[in-house]
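Undergrad: okay, here's the prediction I keep looking at, along with the sequence it came from:
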Amino acid sequence: MNRAILPGTFDPFTNGHLDILQRAIGMFDVITIAVAPSKKQTVFTLEERIGLIKGAVKDVKRVEVASFEGLLMDYVRRTGARAVIRGLRAISDFEYEFQMALMNRRLDPEVETVFLMPSLEYTFLSSSIIKEVAYYGGCVTGLVPANVEQALKEKYKITGCK
Ligand code: ADP
């Protein structure tokens with residue numbers, strides 16, 4: 001089974017993440033979305049983030065949602081995956097991703113990092129900008145899955161799009 005891991009914090013899951021997932025599904029048998037606890041404070045708890053991703057991908061076949069702790073490459077090895085998928089939006093992503101990919105290769109030379117680019121309409125999208133806009137009551141329709149939009153409305157007590 002050709003499995004790949006799509007790791008991240010997903011606080012919360014956006015249509016940019018979904019775009020990358022759909023591209024990755026075309027390349028592997030199974031994709032495991034692996035949710036990391038995060039060293040930084042998150043708006044959504046680990047359980048909430050997992051629940052939101054499960055809701056968002058419920059109609060997508062060959063996708064699993066899990067969480068992991070510790071070193072990503074240890075987790076990747078335990079799952080038997082051959083690749084780690086990362087999304088690349090802009091040059092600003094490159095430096096950190098390049099560093100991380102080469103470090104991960106050093107930790108396990110048998111696992112490749114595969115970079116995928118999202119559709120142009122999602123290249124500006126990040127979980128942080130979604131939270132910032134939603135916090136001030138801005139409209140995020142079409143940028144996040146419907147269940148994530150609903151969760152943001154509840155979290156920030158906003159009514160949504162005017
Ligand atoms: P991190 O792993 O840094 O916590 P995220 O959880 O936000 O990052 O995202 C997980 C993965 O999805 C990363 O590879 C990130 O570059 C990618 N990603 C996030 N938003 C987008 C987007 N709009 N388009 C493409 N890839 C994205």
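TA: It's in. Numbers count the residues shown, from 1 in each chain.
Undergrad: may I have the longest helix anywhere in the chain as CSV, with CA atoms only?
TA: Secondary structure of the chain per DSSP state H: the longest helix is helix 91-107. The C-alpha trace of helix 91-107 is given here as CSV (Å, rounded to 0.1, in the frame of the first residue of the first chain):
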residue,chain,number,x,y,z
ILE,A,91,8.5,31.7,-1.8
SER,A,92,8.0,32.6,1.8
ASP,A,93,7.1,28.9,2.5
PHE,A,94,10.2,27.7,0.7
GLU,A,95,13.0,28.4,3.1
TYR,A,96,11.4,26.6,6.1
GLU,A,97,10.1,23.7,4.0
PHE,A,98,13.4,23.2,2.3
GLN,A,99,15.2,23.1,5.7
MET,A,100,12.6,20.7,7.1
ALA,A,101,12.6,18.4,4.1
LEU,A,102,16.4,18.0,4.2
MET,A,103,16.4,17.4,7.9
ASN,A,104,13.6,14.8,7.5
ARG,A,105,15.6,13.1,4.8
ARG,A,106,18.6,12.9,7.1
LEU,A,107,16.4,11.3,9.8
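Undergrad: tell me the buried residues in stretch 47-66?
TA: Arg49, Ile50, Leu52, Ile53, Gly55, Ala56, Val57, Val63, Val65 (16 or more other Cβ atoms under 10 Å). Just so you know, the C-beta spots here come from the backbone N, C-alpha and C atoms, and that holds for glycine as well.
Undergrad: remind me which helix or strand the third one belongs to.
TA: Read that as Leu52. Element membership of Leu52, judged by DSSP states H and E, is helix 46-56.
Undergrad: who in this protein is up against the ligand?
TA: Residues of the chain lying close to the ligand by Cβ under 6 Å from any ligand atom are 8-10, 14, 16-17, 20, 86-87, 89, 93, 118, 122, 125-127.
Undergrad: packing partners for the longest helix of the chain?
TA: helix 72-79, strand 83-87, strand 112-116 (3 or more Cβ pairs under 8 Å, 6 or more residues apart in numbering; DSSP states H and E).
Undergrad: quick one: which of the buried residues of stretch 47-66 is nearest the ligand?
TA: Arg49 (9.0 Å; Cβ to the nearest ligand atom).
Undergrad: average model confidence for stretch 73-93?
TA: For stretch 73-93, the mean pLDDT works out to 95.
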